[in-house]
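> pasting the structure only:
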């Protein structure tokens, strides 16, 4: 089965208009529409976070809040753990690119291998995020919950603000949780696509466009994390 309908093929006649501007597979267009709408959602959340962050005179310092490597070092390693998380997610995006490229060559074995690597990367990222959340919960942070004032004094560069600390906690768990849900959904979808690849579904169809469409979603999740990382951990 051709992925592009006959209406989308190149018109070779002198009055046929050449290539149709809509010569894109329907599912891929729908994926782009979904990603655009999701981008608006993430943008609104991050814009609100920025508005709260810069409307306050003081705010928890990221290099003081995130200065531990859970299970290894409690202090003195600012942003190291989240740097590891970011590297893992970026590498999973690389393996997804390689899976898509292998799909274009219809190399089933390579698609399976790179998809497995992508799934492992996603699970590792989720595991790191769960560890980070557990660590923050143990320190007293949570939705509607912040550590006692004595603990907060070590997390601010200036005057302590309970309102800022609460806003930080609420928005951190909301936005990173929303992103984590996207990663989890992507892992589940990748597992489904992996099973379909193993069963030879795409070989029978004659193309691996589903791998490419799932790849678009995975790259979007990776890109969004870059902004989340910048807003929460660097600013």
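Yep, that arrived. Keep in mind that what you see is a predicted model, and the values were worked out from it rather than measured.
> Okay, now the unreliable bits of the chain?
The model of the chain has pLDDT under 70 over residues 1-23, 73.
> chain center to the longest helix seen in the chain, what's the gap?
Using DSSP state H, we find that the single longest helix of the chain is helix 162-198. In terms of CA atoms, centre = their mean, to the nearest Å, the centre of helix 162-198 is found 7 Å from the chain centre.
> Now do the buried residues in the following helix or strand past that helix.
Next helix or strand after helix 162-198 toward the C-terminus (DSSP states H and E): helix 201-205. Neighbour counts over helix 201-205 (16 or more other CB atoms under 10 Å) mark residue 202 as buried. C-beta coordinates here come from the backbone N, C-alpha and C atoms, glycine included.
> still on that earlier bit, which other helices and strands contact the longest helix of the chain?
Applying 3 or more CB pairs under 8 Å, 6 or more residues apart in numbering; DSSP states H and E, one finds that helix 162-198 makes contact with helix 26-55, helix 108-139, helix 149-152, helix 209-229.
> right, and those - which one's nearest residue 191?
Between residue 191 and the helices and strands packed on helix 162-198, the tightest spacing by CB to CB is seen for helix 108-139, at 6.0 Å.
> now for that closest one, which elements pack on it?
Helices and strands touching helix 108-139, by 3+ CB pairs under 8 Å, 6+ apart, are helix 80-104, helix 162-198, helix 201-205, helix 209-229.
> please redo it, this time with the cut-off set to 6 Å
helix 80-104, helix 162-198 (3 or more CB pairs under 6 Å, 6 or more residues apart in numbering; DSSP states H and E).
> Among these, which comes closest to residue 35?
Among these, the nearest to residue 35 by CB to CB is helix 162-198 (10.6 Å).
> quick one on the thing from earlier: and the longest helix of the chain, what's buried?
Per 16+ other CB under 10 Å, helix 162-198 contains these buried residues: 164-165, 167-173, 175-176, 179-180, 182-184, 186-187, 189-190, 193-194, 197.
> Near the nearest residue to residue 198 once chain neighbours are set aside, how many residues? Count them for me, please.
Closest residue in space to residue 198, ignoring its immediate chain neighbours: residue 112 at 6.2 Å, by CB to CB, 6 or more residues apart in numbering. Look at residue 112: counted by other CB atoms under 10 Å, it has 15 neighbours.
> if we can go back for a sec, do you know which of the helices and strands packed on helix 162-198 lies nearest residue 88?
Here helix 108-139 is closest among the helices and strands packed on helix 162-198 (CB to CB), at 5.0 Å.
> Mind listing what's buried along that closest one?
Within helix 108-139, the residues that qualify as buried are 108, 111, 114-115, 117-119, 121-126, 128-129, 132-133, 135-136, counting by 16+ other CB under 10 Å.
> same deal with stretch 219-230?
Neighbour-count burial for stretch 219-230, counted by 16+ other CB under 10 Å, picks out 220-222, 224-225, 227-229.
> how about the residues you listed in CSV, adding distance to residue 144?
Formatted as CSV, these follow (distance: CB to CB, whole Å):
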residue, distance to residue 144
220, 30
221, 27
222, 30
224, 25
225, 25
227, 25
228, 21
229, 24
